[in-house]
Structure formats: C-alpha cells, structure tokens
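Novice: Have a look; sequence and predicted model below, questions after that.
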Amino acid sequence: MRKPMKAVQLLEPAKVELTEVPVPEIGPSEVLLKVRAAGVCQTDVHFRHLEEEAVPRGTVLGHEIAGEVASAGAAVTGWEPGDAAVVYPCWGCGTCRMCLAGRHNMCRRTGGRFISPPTPGVSRDGGMAEYVAVPAWALVPIGDLDPALAAPLADAALVPYHSVHAVKDLLVPGSTAVIIGAGGLGQMAAQILRALTSAQVIALDVNDDALTAVRDEVDATLRSDSSTVVTDVLALTGGYGAEVVFDFVGRDSTMALAAGLVAPGGAIRFIGLSNGVYRFTAGSGVTDLPWEVSVTRPYSGTIGELADIVALAHAGKIRPQVRRFPFDQALKALEELEAGRIRGRAVLTVAPSPTGTEV
Ligand SMILES: [Zn+2]
Ligand SMILES: [Zn+2]
C-alpha cells in the first residue's frame, strides 16, 4: 500500500479539489521529487472552468515545480537524494529530430501540429502535490536558490526568455523592445531584456498599477489604451518603430497595436492567449505591416534556456515577484489569481520534510 499524499486534482472537467492520492511510483529513469514549491498559472484557473475533457480526469495540476530528489530510479545517475531542482515541463521523446536539436517543446513524436508534448500538470500528474514523478533528464539543478523563486522560472520566466532569446540579434544597442501587457510575464520579460540586451525597453498596459510595478525595470511606460500610444512610441524610436514587440495579451486590440508599432525588418511575438485575431494584407501599397517583419507564436522554451534562466536567477539578474501560499490554501491561491489580486506569481509552498527523504 503506497503512502497517501495531498494533491490538487482535476477530478472532472471544471472540478478542481484538494484531495489525497497515493505517492507516485517511479520508473527506472525517473526520480521522485519532494515538491517544495509549485507555481499557480492562469492555465490552472482556466482548467477550473473548462467544460471539455482537455485534461485527463484525475490529473494532478501544477506545471511550475521545484523540489528535492527523494529517491531515484535504478537507471538514474547524477542525482542524489536531497539535490534541489526545477522541472523542465516539455517532456518530449528525446529521440525525434526536434528533441535531438534540443527543442523538446516542439517534439514531433509525442506532440502534434496542435498538440503539445506531455506536460506535468496538464497531461501528466504535476507538482501541486507533496511528491511528483519526473524523468531525470528534465531536472535542472538549482543549488541553494529559494524553491519558491525557482518554480516560476519553468513557465513564467521560460516563455519570455525563449521569446527574447530568439530575437536578441535584433536588439542591438540603439534598438527598442516594446512589451504589451506588464503583468507577471511582461515583468519577467523586462528583467530578461535588461539582462540579455541593451535595447530601450518600453512597457505598455491598460493598468496603472502594472505600469508602476515595472517602472524601475524599463525606460518608458505608457498606457496602451491612450489615443496617442502609437505616435508616442514612434517618437521614442525616431519614427521607425520598435525592432521587437512582445504581445503578452493576445486580444484583437493588442495584436493590431503590435503591428502598428513594429519596425521594418522587426519581429512580433504573440505570446498572450486571449483568442485575438490578427490579419494583414499581402499588398504592396498598404501600411498595416511593414516589410520583412517576422511573426511567431512562441511555445514554452528549451531545457538549455531554463538552465540559462536559473543562472540569471543565481546572479540576481532576474527575480520573479511571488506571493506564497501554504499548500493547504491552494484553492484560495487559484481564487485570488482569478480575481486579479495576485501581482507577479502565486506559489504554493510545501515545508521540507523533517528527515528530507522519508519515502
Ligand atoms: Zn503556465
Ligand atoms: Zn521528440
């Protein structure tokens, strides 16, 4: 009989509860991670209301996970009980050509054109629990980094890092990056842009509190709903526009704004998932998208990028803003996030076990 543990489970569509489940068993190439911190994401809030069977019934939520190795499978080398790690969340096959190129987030065997590779807390049991089974290769060591700060690195920092990293060659001295949406991911993007580039950074939001929170990290803040926002940003960029625009919102209005601000030869990264629609005209005389702009939809990131982010966090160059909730208050954390009362990231914390390795 396996020991029970506390977990946050999606019992059926739109039903998330704090429950007890057995401590997971691990395969030979997995480790049992004692969870110390699990980030709470808007995706988790979304699952609380999703009526479709998008997530298998009974899945333990939590895709931002940091903890300590409790035990390791027989084939695992290099990890010992007590070692601290953050979990890379794209559990690709490891052998397809995208995985071989380090792009597990685009795995061709476990994913599909519109299907993501296996993800803890989404299609595998995740980290909102006392323990989680993790493929050993997906662990990134964090040393003495606070687990509550390390957990959000796996998603809230990985997504903006992946987005910035891919366009850093455009962000030369004298260039401009615009962040639309200065919430949790937008704030991380500002810190990452500071750490990786010398671009001028302009943050736009409809919320003055969000702009105030990011003011020290950027060169300028502007209301994105101001009637002069386009002319104001163009004035700050010599009339040319921004080399890169990151849209962390993804509504019709922000997507159109991104196109209105980007420079010729620049890039737009549509990251926010608010079901906005963006269309452009493939004509020569039109002005809705400058020449040679690249547009992509970044998904997660690579495990190498997660290791980069851990290094930035160790160096103090990025620091997620977190609000800690004891594990038993998981549902309250979800409610607070849904009500818009969380600045930065909500993180569930689990106290270290007295013995460290009791399982
Ligand atoms: Zn997420
Ligand atoms: Zn693969």
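Specialist: Arrived safely. Residues are numbered from 1 along each chain as shown. Ligands and ions are numbered 1, 2, ... in the order given.

Novice: List, one by one, the residues from this protein near ligand 2.
Specialist: Remark: the part of the chain in contact with ligand 2 comprises Gly92, Cys93, Cys96, Cys99, Cys107, Arg109, using Cβ under 5 Å from the ion. For every residue, glycine as well, the C-beta is placed using N, CA and C.

Novice: which of these has the most neighbours?
Specialist: Taking other Cβ atoms under 10 Å to define a neighbour, the member of the residues of the chain next to ligand 2 with the most is Gly92, carrying 27 neighbours.

Novice: Just the element for it, please.
Specialist: In this structure, Gly92 is located outside every helix and strand according to DSSP states H and E.

Novice: I'd like to know how far the residue of the chain found nearest ligand 1 sits from ligand 2.
Specialist: Distances between the chain and ligand 1 by Cβ to the ion are smallest at Cys41, namely 3.1 Å. Cys41 sits at a distance of 24 Å from ligand 2 (criterion: Cβ to the ion, to the nearest Å).

Novice: give me every residue that touches the residue lying closest to that residue once chain neighbours are set aside.
Specialist: Using Cβ to Cβ, 6 or more residues apart in numbering and skipping residues adjacent in sequence, the residue nearest Cys41 is Asp155, 6.0 Å away. Contacts for Asp155 (Cβ atoms under 8 Å, 6 or more residues apart in numbering) come out as Gly39, Cys41, His63, Glu64, Pro89, Ser300.

Novice: can you give me how far stretch 307-322 is from the chain middle?
Specialist: Its chain's C-alpha centre lies 13 Å from the corresponding centre of stretch 307-322 when counted by Cα atoms, centre = their mean, to the nearest Å.

Novice: actually stretch 40-59, sorry about that
Specialist: 16 Å.

Novice: re earlier: could you tell me which of the contacts of Asp155 are located in helices?
Specialist: Among those, no member falls in helices (criterion: DSSP state H).

Novice: Poorly predicted segments of the stretch 1-150 of the chain, please.
Specialist: Residues of the stretch 1-150 of the chain meeting the criterion pLDDT under 70: 1.

Novice: near ligand 1, which residues of it?
Specialist: Cys41, Thr43.

Novice: Please enumerate the helices of the stretch 1-150 of the chain.
Specialist: 42-49, 97-100, 147-150 (DSSP state H, counting those that start in this stretch).

Novice: Looking at the ones you listed, spot the one closest to Pro264.
Specialist: helix 97-100 (30.7 Å; Cβ to Cβ).

Novice: hmm, back to that, turn the helices of the stretch 1-150 of the chain into a markdown table, columns for distance to Val8.
Specialist: Putting these into a markdown table (distance: least, Cβ to Cβ, whole Å) gives the following:
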| stretch | distance to Val8 |
| --- | --- |
| helix 42-49 | 8 |
| helix 97-100 | 29 |
| helix 147-150 | 16 |
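
Novice: which of those helices is buried the deepest?
Specialist: helix 147-150 (a mean of 24; mean count of other Cβ atoms under 10 Å).

Novice: May I see the domains of the protein written out as residue ranges?
Specialist: Partitioning the chain according to automatic domain parsing yields domains covering residues 4-155+301-349, 160-296.

Novice: Quick check, pLDDT for the residue sitting nearest the centre point of the chain.
Specialist: Of all residues in the chain, the one closest to the mean position by Cα atoms, centre = their mean is Asp155, 2.2 Å from it. Confidence at Asp155, expressed as pLDDT, is 96.

Novice: Got phi/psi on it?
Specialist: Per-residue torsions, Asp155: phi -140, psi -60 (degrees, to the nearest 10).

Novice: Roughly how far does it sit from Val310?
Specialist: In this structure, Asp155 and Val310 are separated by 14 Å, where distance is defined by Cβ to Cβ, to the nearest Å.

Novice: Check Glu243 too.
Specialist: For Glu243, the distance to Val310 (Cβ to Cβ) stands at 27 Å.

Novice: Have a look at the two and say which one is more surrounded.
Specialist: Set side by side, Glu243 and Val310 show more neighbours around Glu243, with 25 against 22, by other Cβ under 10 Å.

Novice: In a strand, that one, correct?
Specialist: Yes - Glu243 forms part of a strand when assessed by DSSP: H, G, I helix; E, B strand; the rest coil.

Novice: for it, what are its contacts?
Specialist: Each residue near Glu243 by Cβ under 8 Å, 6+ apart is listed here: 167, 170-172, 175-177, 199, 262-263, 265-267.
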